[in-house]
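[1] task: produce atomic coordinates for the following.
(one chain, ligands or ions: 1)
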Amino acid sequence: MRSARRQYLLESALMTNPLHTFQAWLDDAKRHGVHEPTAMALGTVDEHNHPSVRMVLLKHADEQGFVFYTNTESPKAMDLDHCPFASLCFYWNPPGRQVRVNGRVELVSIEEADAYFNSRPYLSRIGARASRQSQPLDGYAELERAVASEMLRYPRGHVPRPKNWTGYRVIPQMIELWKERPFRLHERLQYTRTGNHWTEQELFP
Ligand SMILES: Cc1cc2nc3c(=O)[nH]c(=O)nc-3n(C[C@H](O)[C@H](O)[C@H](O)COP(=O)(O)O)c2cc1C
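    Numbers count the residues shown, from 1 in each chain. Below you'll find the predicted structure:
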């Protein structure tokens, strides 16, 4: 039996799978013209249990999880090596919605990483090769020299995916949908997963 409140939260779309609602909300954010609607905060924890958060772009989402790409030698990747759990947070305004996702993290397959890398524009592929992400940089010219050197090496056509660049998939164990309401009396619906089954729970704002 669904509560009237839950029906209100999800409006006419009575979806029991929060991933379906996520897709509908992401489409809505795009329709509202949200800048970078796939941008999400990614929280990780290092070996001293210190958290870090930064933005990354969602490149794929389905039943398997939420995929982003990065440098495997970056601090976030070091964190994930140590503690393969992450927290994601999307915020779209308008329409005033937040989605939080927590879960275990896995690397995508080599085939998936290659396919996505090869779909990127030439200069993005060159940039991924040239950037030693989060390492000290001796002025922007050093980056420009690294880019020029990769362009000389791969003037056109195939640019191989560097070994230190791949995708990470956050496999959702918890998804929370948050909808803005007047006077900060927001609506929240938290889902937790057991196998393929999602259990839902409304929360106080
Ligand atoms: C909107 C936005 C999207 C970003 N997308 C990515 C991304 O998809 N992958 C990535 O490695 N860094 C991305 N960045 C840069 C990261 O926020 C961060 O600066 C970088 O990955 C280094 O993080 P780390 O030192 O914690 O590893 C993005 C930044 C912004 C503002």
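[2] my guess is Val45 contacts Val53. True?
    No: Val45 is beyond contact range of Val53, at 10.3 Å (criterion: C-beta atoms under 8 Å). In short, each C-beta sits where N, CA and C put it, glycine included.
[3] mind listing what the residue nearest in space to the middle of the chain touches?
    Centroid-nearest residue in the chain, with C-alpha atoms, centre = their mean: Leu58, separated by 3.9 Å. Applying C-beta atoms under 8 Å, 6 or more residues apart in numbering, we find Leu58 in contact with 38-40, 66-68, 88, 90.
[4] please, where are all the strands along the chain?
    Here the chain has its strands, by DSSP state E, at 39-45, 51-57, 60-62, 65-71, 85-92, 97-107, 165-179, 187-194, 197-203.
[5] turn those strands into JSON lines, columns for mean neighbour count, distance to the ligand and mean pLDDT.
    Shown next, in JSON lines, are those (neighbours: other C-beta atoms under 10 Å; distance: least, C-beta to the nearest ligand atom, whole Å; pLDDT from 0 to 100):
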{"stretch": "strand 39-45", "mean neighbour count": "19", "distance to the ligand": "4", "mean pLDDT": "99"}
{"stretch": "strand 51-57", "mean neighbour count": "13", "distance to the ligand": "4", "mean pLDDT": "98"}
{"stretch": "strand 60-62", "mean neighbour count": "15", "distance to the ligand": "12", "mean pLDDT": "97"}
{"stretch": "strand 65-71", "mean neighbour count": "21", "distance to the ligand": "3", "mean pLDDT": "98"}
{"stretch": "strand 85-92", "mean neighbour count": "20", "distance to the ligand": "12", "mean pLDDT": "98"}
{"stretch": "strand 97-107", "mean neighbour count": "19", "distance to the ligand": "13", "mean pLDDT": "98"}
{"stretch": "strand 165-179", "mean neighbour count": "20", "distance to the ligand": "9", "mean pLDDT": "98"}
{"stretch": "strand 187-194", "mean neighbour count": "16", "distance to the ligand": "25", "mean pLDDT": "96"}
{"stretch": "strand 197-203", "mean neighbour count": "12", "distance to the ligand": "27", "mean pLDDT": "95"}
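[6] right, and the ones you listed - which one's nearest Gly33?
    When those are ranked by proximity to Gly33, the top entry is strand 85-92, at 10.3 Å, counting by C-beta to C-beta.
[7] strands paired with that closest one, and their directions?
    Strand 85-92 has its sheet partners listed here by DSSP bridges as strand 39-45 (antiparallel), strand 97-107 (antiparallel).
[8] hey, C-alpha coordinates of it in CSV?
    Coordinates of each C-alpha in strand 85-92 appear next as CSV, following Å, rounded to 0.1, in the frame of the first residue of the first chain:
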residue,chain,number,x,y,z
PHE,A,85,33.1,2.8,-1.3
ALA,A,86,31.9,6.1,-2.5
SER,A,87,29.1,8.6,-2.0
LEU,A,88,27.6,10.6,-4.9
CYS,A,89,25.4,13.7,-4.8
PHE,A,90,23.5,15.4,-7.6
TYR,A,91,21.7,18.7,-7.2
TRP,A,92,19.4,20.2,-9.8
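[9] ok, and what's touching it?
    Strand 85-92 is contacted by residues 25-26, 28-29, 32, 34, 37, 39-45, 58, 66, 80, 97-105, 168, 170 when judged by C-beta under 8 Å, 6+ apart.
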